[in-house]
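[1] Test case, fold it:
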Amino acid sequence: MHEKYFQYTIYPSQDVEIFADFLSCFIATYSQDSSLCSIEYIQNDSVFDEKLDSTQWHTLHTTYNTLLHSPQQTKLIARFPFDVREEFAKNLAEFCEILSHRVESSVGCAYAITQKDNQDWIQAYKDSIKPIVCGKFFITPSWDLSRTSSQDWQHIPIIIDPALAFGSGHHASTAMCIEMLSTLNLQGKKLLDVGCGSGILSIVAAKLGAEVYACDTDPLSIAESQKNFANNDVSACKIWEGSIGSLKTDLTFDVIVANILAFTLKILYKDFIHNLSSGGILILSGILETHKDDVLETFLQGFRLIESCVRDEWVALKLQKCTHDKS
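    Predicted coordinates for the structure are as follows:
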């Protein structure tokens, strides 16, 4: 075991998941053994509650005071057994610059880097991940199976070990998707999971009887999804690296679920219209509450809103494709 480890904390001004993608890519680039690293989502009343003063936080495209009063209260923690502080700071600054340019608005973060004594943080991290009940499902990491009760197993079990790919059911955006899927009759229905991450939503759909298709632009997510499919004794009809636009076919789906960023959802609007059956259901999540109206402005052309859920500043939408749409 390494005597020391380095903790890299990021507090994004928005779009937490895309910063998590940055961390995943950074770990993959700078670590030959990703099992020595971890990414953790933490939500607090204040993300600045660590034992650090304001001078130990560095800001990019924002200020400490702005973030202090921000409704966005999710931070990301990555842990490395080695020192890559210079590379981390340089890559994060470039990432914020590119992201701000791409979305045409300032997207920033605060970050702090601290060196800590290694007290087996991997075990401490495992101890912090608790099983949850979500919709019809009981979601547990593999290392906690022995501590589950008979009452837990009255729900449909899903085994997911939190990893670099997003989606363990603990985050509000994922949980709301699971709850919405749990209300649908998916038996024999074709479902597409866009941005599948860990594959958890695909697993939920498969266990509810759907024929599952899944895609993600991140090869790490594809590998993680396939591993989790095997661990849960389910399979996908097709899983591919890429997005919905990579489908060179007129295949249509009864249900599409996408738990990704708001601006990406808007980009994929025409693909959703094209690949969703008339009267089909579209579940969108990963939307900050401040972006809800902007997303609805796009999607209420061709869809009608069935349900809207808000949790921890995140929004999930259940929409139905209008039957008169001929796209």
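[2] can I assume Leu296 is in contact with Phe303?
    No. Judged on C-beta atoms under 8 Å, Leu296 makes no contact with Phe303 at a distance of 9.1 Å. C-beta here means a position set from N, CA and C on the backbone, and glycine is covered the same way.
[3] Show me the shaky parts of the chain.
    Along the chain, segments meeting pLDDT under 70 span 1-3, 31-54, 118-126, 128, 146-153, 162-167, 324-327.
[4] domains for it, by residue range?
    4-126, 180-321 (automatic domain parsing).
[5] What is the end-to-end distance of the longest one?
    By that I understand domain 180-321. Its first and final residues considered, domain 180-321 spans 16 Å by C-alpha to C-alpha, to the nearest Å.
[6] so how far is that domain off the chain centroid?
    12 Å (C-alpha atoms, centre = their mean, to the nearest Å).
[7] Where do the strands of the stretch 101-250 of the chain begin and end?
    109-117, 132-134, 137-140, 156-159, 190-194, 211-216, 238-241 (DSSP state E, counting those that start in this stretch).
[8] ok so, going back, of Leu296 and Phe303, which one has the most company?
    Between Leu296 and Phe303, counted using other C-beta atoms under 10 Å, Phe303 has the larger neighbour count: 24 against 18.
[9] So which bits of the helix or strand in which Glu94 is found are buried?
    Per DSSP states H and E: Glu94 is located in helix 85-103. Going by neighbour count (16 or more other C-beta atoms under 10 Å), the buried part of helix 85-103 is 88, 91-92, 95-96, 99, 103.
[10] what's around the nearest residue to Ile158 once chain neighbours are set aside, how many residues?
    With C-beta to C-beta, 6 or more residues apart in numbering as the criterion, Ile158 has its nearest non-adjacent residue at 4.8 Å, and that residue is Ile139. For Ile139, the number of neighbouring residues by other C-beta under 10 Å comes to 26.
[11] Could you list everything Ile139 pairs with in the sheet?
    Bridge pairing for Ile139 (DSSP bridges) gives the partners Ile132, Ile158.
[12] surely it meets Ser198?
    No. Ile139 is beyond contact range of Ser198, at 10.7 Å (criterion: C-beta under 8 Å).
[13] list the residues that contact both of these two?
    Here Ile139 and Ser198 have 160, 168 as joint contacts, going by C-beta atoms under 8 Å, 6 or more residues apart in numbering.
[14] where along the stretch 1-150 of the chain do the helices fall?
    16-30, 64-68, 85-103, 121-128 (DSSP state H, counting those that start in this stretch).
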